[in-house]
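Trainee: Structure for the following, please:
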Amino acid sequence: MERSVNVTVVYYSSTGTIHRIATEIAETAEKAGAEVRLVRAAELAPQTVVDSRPAWADHLKATEDVPIAQVDDVLWADAVVFGTPTRFGNMSAQLKQFIDTLGPAWFQGRLSSKVYSAFTSGGSTHGGMETTIVSIYNMVCHFGGIIVPPGLNENPYGTSHVLGSDSKPVSEIALQSARVQADRVVRVARALKEA
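Mentor: Purely as a prediction, here's the structure:
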């Protein structure tokens, strides 16, 4: 009998791209039999800055019912999938701020031996998406986590989507990558639980 696996998808999204990929990962993990928590990093930008970009303000309003990520969401999980837009080749400040709250759990050894994976988006093909994911994986190594990338894919490090200058909606290729990644995360987490 397959054991239940707990998956937490922790993401930050300013205008909806990362939210769309996070939702696809969460839904796919549920279809694979996982219990899933979809949570978002808290917004740190001042409201005046958010309001200066209508797409940002609209998305924040549209997702206000998505719970804000808490340390317990990570502790509960057998697998954690982080999502963030790239910010100059790094994760967003919002996701980084949440990850910084995990320090006491890390110090107690409560983040080790979990499965971790990551996904991102960026404005251009070589806009730092790989280094953004690797910046998350560097942190996972400090946790003692087990990195599970999607493997052979558009981006072997993790699902990614290029918005371009016209803010393209998330492509079917990126959504398929997200499904592959989510399925692999669940399978590996389940195998580790059964070992």
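Trainee: ends of stretch 142-158, how far apart?
Mentor: Taking CA to CA, to the nearest Å, the span from the opening residue of stretch 142-158 to its closing residue is 19 Å.
Trainee: Out of the helices and strands in the protein, which is least certain?
Mentor: Confidence across the helices and strands of the chain bottoms out at strand 160-162, with a mean of 90, counting by mean pLDDT, DSSP states H and E.
Trainee: Which elements pack onto that one?
Mentor: Counting contacts by 3 or more CB pairs under 8 Å, 6 or more residues apart in numbering; DSSP states H and E, the secondary-structure elements packed against strand 160-162 are strand 115-122, helix 129-143, helix 172-194. For every residue, glycine as well, the C-beta is placed using N, CA and C.
Trainee: and the gap between the residue lying closest to Gly151 once chain neighbours are set aside and Tyr116?
Mentor: Of all residues beyond its chain neighbours, the one nearest Gly151 is Arg184 (7.2 Å), with distances taken as CB to CB, 6 or more residues apart in numbering. With distances defined as CB to CB, to the nearest Å, the gap from Arg184 to Tyr116 amounts to 12 Å.
Trainee: just the strands in the protein please.
Mentor: Secondary structure of the chain, counting by DSSP state E: strands at 6-11, 35-40, 79-85, 115-122, 146-147, 160-162.
Trainee: wait, which of those is closest to Val180?
Mentor: The minimum distance between Val180 and the strands of the chain falls on strand 115-122, with 10.8 Å, by CB to CB.
Trainee: shared neighbours of Arg184 and Tyr116, anything?
Mentor: Any residue near both Arg184 and Tyr116 by CB atoms under 8 Å, 6 or more residues apart in numbering counts here, and that gives Val148.
Trainee: higher neighbour count, the two?
Mentor: Neighbour count, other CB atoms under 10 Å: between Arg184 and Tyr116, Tyr116 has more, with 24 against 19.
Trainee: Output the below-cut-off pLDDT ranges for the chain.
Mentor: 1-3, 153-154 (pLDDT under 70).
Trainee: ok, 80 please
Mentor: 1-3, 126, 152-155, 164-166 (pLDDT under 80).
Trainee: Contact partners for the residue nearest to Gly145 when sequence neighbours are not counted?
Mentor: By the measure of CB to CB, 6+ apart, the closest residue to Gly145 outside its immediate chain neighbours is Tyr116, 4.3 Å from it. With CB under 8 Å, 6+ apart as the criterion, the residues that contact Tyr116 are 79-82, 136-137, 140, 143, 145-148.
Trainee: And for Glu130?
Mentor: Remark: with contacts taken as CB under 8 Å, 6+ apart, Glu130 is in contact with 155, 157, 160.
Trainee: closest to Asp166 among those residues?
Mentor: Sorting those by distance to Asp166 puts Ser160 at the head of the list, at 17.4 Å, by CB to CB.
Trainee: was I right about the closest one contacting Ala174?
Mentor: Yes: in this structure Ser160 lies within contact range of Ala174 using CB atoms under 8 Å: 6.9 Å.
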